[in-house]
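Q: for reference, the sequence and a predicted model appear below.
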Amino acid sequence: MERRLIVQKYGGTSVGNVDKIINVAKRIVSYKKKGYEIVVVVSALGDTTDELLSLASGITRTPSERELDMLISTGEQVSVALLAMAVHKLGVEAISFTGAQVGIVTDSSHTRARIIGVNARKIREQLKRGKVVIVAGFQGANVDQEITTLGRGGSDLTAVALAKVLNARMCEIYTDVDGIYTADPRIVKNARKLDRISYEEMLELASLGAQVLQTRSVEVASKFNIPLHVRSSFSNKVGTLITKEVKAMEDVLVSGVTLNKEEAKVTVCDVPDRPGAAARIFGEIAKQNINIDMIIQNVSRTGSTDVSFTVMASDLDKTLKLMKKVVKAIGAKGVTFDKGIAKVSVVGIGMRSHSGVAAKMFKVLAERKINIEMISTSEIKISCVVRKGKGEEAVKVLHKTFGFGR
Ligand code: ADP
Ligand code: ASP
Ligand code: MG
């Protein structure tokens, strides 16, 4: 028998104030009345998470990550309770839970914890009683009951994980745009909405800066083949369906352009040209669970060379502290950083069978006098690091070049 269970996730932009919360409650109730079992995942109201983080940074630049999780997990607890009250007011039974309460068990890497398992017994019990179950996104607890969070945008991951465990027929992601666009509609006014996109392309778009879905949530959806429907909480329009097979996309060369302004470049200067230097640099970083994006190492002509790489700007302080130790250990000269970078990328499965995308990308950037500082490619994407101030211009011109626009 086909399950009538849907997981719906509402982002912070969809619950920014009381009126929006009531709007979300009405949508939930309308689905409930159609006979669906509903599990709802909610993010913190509006910019709450950023505001909590800035409170912490007013106290210290290097807060304890355990305490950070204690702090930022509170945002979601506020929204689940308010949303449950709003659903009650419409005469429907609902109950809110924190991540820990519904058995979302994670590892212990605070602020970026991974989900180990979900014990959904409590959710199933409440569904059986006919209730709408409302779960705080972005959080869980480790085996010692310590509260953890799942990385920025982590409510998407909560929703996908619950959809998997509960065997939901669909995971709907409600946000402030109508779906996935060919570029961030805030930057490119004539960006086009995609009706469908493959997991693979969505994964690249997300990891390259399209914040609309958290990268890890797309990874999990893809792994378990959970269909995602990204749509607006302010309209009833059909959004973008993210699935495995996307036949209509086959003729399209590039499916999207992204911008990421949240990275910083770190350069380890005059690294001696001997085996083990890179292993030491990146080994230390990996031990701290810091994600590296691009890496550049030039040929050494004088017995040493610079090694540059990019990390999330939020990991910069931690990375520099580590590199100061490593520099001494490997006999390099020093470490510098640059926060003024942006990464622009073009993504598309069509690139597999077409050449010339990179050449075209470099040419239009050159015509605009936008200097390329780093390049990286994969089978289905090309990324360039440029000055931060040029990032939006680069996205606009690339969007135009690759023939999107309405
Ligand atoms: P939520 O609060 O719902 O989680 P987010 O702010 O995390 O919302 O993500 C939605 C935002 O993602 C949109 O407002 C949009 O500006 C941005 N965005 C960036 N790239 C894209 C894209 N390619 N398609 C759609 N939205 C995008
Ligand atoms: N509130 C968290 C954040 O801002 C999680 C989320 O919105 O998905 O990152
Ligand atoms: Mg989000």
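A: Arrived safely. Numbering: from 1, shown residues only. Ligands and ions are numbered 1, 2, ... in the order given.
Q: next one: phi and psi at the residue lying closest to Asn289 once chain neighbours are set aside?
A: Leaving out its chain neighbours, the residue that sits closest to Asn289 by C-beta to C-beta, 6 or more residues apart in numbering is Ser109, at 5.4 Å. Every C-beta, even on glycine, is put in place using the N, C-alpha and C of the backbone. Dihedral angles of Ser109 (phi, psi; degrees, to the nearest 10) stand at phi -80, psi 90.
Q: likewise the one 3 residues further on?
A: Arg112 adopts backbone torsions of phi -150, psi 40, taken as degrees, to the nearest 10.
Q: switch to numbering from 388
A: All set: I'll call the first residue 388, so the last point we hit is now Arg499.
Q: list the contacts for Ser594?
A: Shown in contact with Ser594 (C-beta atoms under 8 Å, 6 or more residues apart in numbering): Thr602.
Q: one step back: quick check, pLDDT for the residue nearest to Asn676.
A: Ser496 carries a pLDDT value of 93.
Q: was I right about it contacting Glu533?
A: No. Between Ser496 and Glu533 there is no contact under C-beta atoms under 8 Å: 11.1 Å.
Q: quick one, what contacts Lys777?
A: Contacts for Lys777 (C-beta under 8 Å, 6+ apart) come out as Ala729, Arg755, Ile757, Asn758.
Q: of those, which pair is most distant in space?
A: Among the contacts of Lys777, the pair separated by the greatest distance (C-beta to C-beta) is Ala729 and Arg755, at 13.8 Å.
Q: most neighbours, which of the contacts of Lys777?
A: Highest neighbour count within those: Ala729, with 22 neighbours (other C-beta atoms under 10 Å).
Q: what about that one, which helix or strand?
A: Using DSSP states H and E, the element containing Ala729 is strand 728-734.
Q: what lines up beside that strand in the sheet?
A: Strands adjacent to strand 728-734 in the sheet, as given by DSSP bridges, are strand 643-647 (antiparallel), strand 768-774 (antiparallel).
Q: ok, the residue nearest to Asn676 - how many residues close by?
A: Neighbours of Ser496 (other C-beta under 10 Å): 16.
Q: go on, Ala673?
A: Other residues within reach of Ala673, judged by other C-beta under 10 Å, total 11.
Q: and the one residue in the chain that gets nearest to ligand 3, which of the three is it?
A: When distances are taken as C-beta to the ion, the chain reaches nearest to ligand 3 at Gly540, 4.2 Å away. Following DSSP: H, G, I helix; E, B strand; the rest coil, Gly540 is assigned to coil.
Q: go on, the one 5 residues further on?
A: Recorded secondary structure, Thr545: helix (three-state DSSP).
Q: sorry, back to before: touching both of Ala729 and Arg755, which residues are there?
A: Residues touching both Ala729 and Arg755 by C-beta under 8 Å, 6+ apart: Lys777, Ala781.
Q: tell me how many other residues crowd Ile717.
A: Ile717 has 18 nearby residues by other C-beta under 10 Å.
Q: pull the contacting residues for the residue in the stretch 438-587 of the chain that ligand 2 sits nearest to.
A: Of all residues in the stretch 438-587 of the chain, Ser542 sits closest to ligand 2, at 3.2 Å by C-beta to the nearest ligand atom. Contacts here follow C-beta under 8 Å, 6+ apart; on that basis Ser542 touches Lys396, Gly398, Val428, Val429, Ser430, Glu463, Gly524, Phe525, Gln601.
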